[in-house]
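Undergrad: just to be clear, the model below is a prediction. Sequence and coordinates:
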Amino acid sequence: QVTLAKMRSHVSSCAKVQEQMANCPKFVPVVPTSQPIPSNIPNRSTFVCPYCGARNLDQQELLKHCMENHRNDPNKVVCPVCSAMPWGDPSYKSANFLQHLLHRHKFSYDTFVDYNIDEEAALQAALALSLSEN
């Protein structure tokens, strides 16, 4: 078994894997869809580094990137993960962004959050679930 972090690193640096991926057939839909592609869905999967603008980083990659490249940067920055959330404040600057990432974003919100319900409904659902498990 290989951890996801090690697998990503291996895939990005292994010439054999890169060659195999280049030779894979590209995905082509069997039938064109009649459904419009939604354009107003916020991206909550990948983020931009608030220090240098590096793009398409998931939460784990964002943390790794910032630890390797911006560990000693004293600038206060807005957390791109928080600002992508419905409850996020896009103007709030974290005093210690790396510690914020380490402590506040240990998991992906997509696993635990229903973005289609408000905070009160989410609290009620969590309480009901916790009572039913006991």
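TA: Perfect, thanks for sending it.

Undergrad: please, where are all the strands along this protein?
TA: Using DSSP state E, the strands of the chain run over 77-78, 93-94.

Undergrad: strands paired with the first one, and their directions?
TA: What it means is strand 77-78. Strands that pair with strand 77-78, judged by DSSP bridges, come out as strand 93-94 (antiparallel).

Undergrad: isn't Cys66 right up against Tyr51?
TA: Yes - shown here, Cys66 and Tyr51 form a contact pair, counting by Cβ atoms under 8 Å, at 6.9 Å. (C-beta placed from N, C-alpha, C; glycine too.)

Undergrad: of those two, who's got more company?
TA: Shown here are Cys66 and Tyr51; by other Cβ atoms under 10 Å, Cys66 has more neighbours (22 against 14).

Undergrad: burial measure for the closest residue in space to Thr46 that isn't next to it in sequence, as a count.
TA: In this structure, Thr46 finds its nearest non-sequential neighbour in Asn56, 4.7 Å apart by Cβ to Cβ, 6 or more residues apart in numbering. Asn56 is flanked by 11 other residues according to other Cβ under 10 Å.

Undergrad: before we move on, what about Val11?
TA: Val11, neighbours per other Cβ under 10 Å, totals 12.

Undergrad: contacts only, for it.
TA: Val11 makes contacts with Val17, Met21, as judged by Cβ atoms under 8 Å, 6 or more residues apart in numbering.

Undergrad: quick check: closest non-adjacent residue to Val77.
TA: Nearest to Val77 is Pro50, by Cβ to Cβ, 6+ apart, at 3.7 Å.
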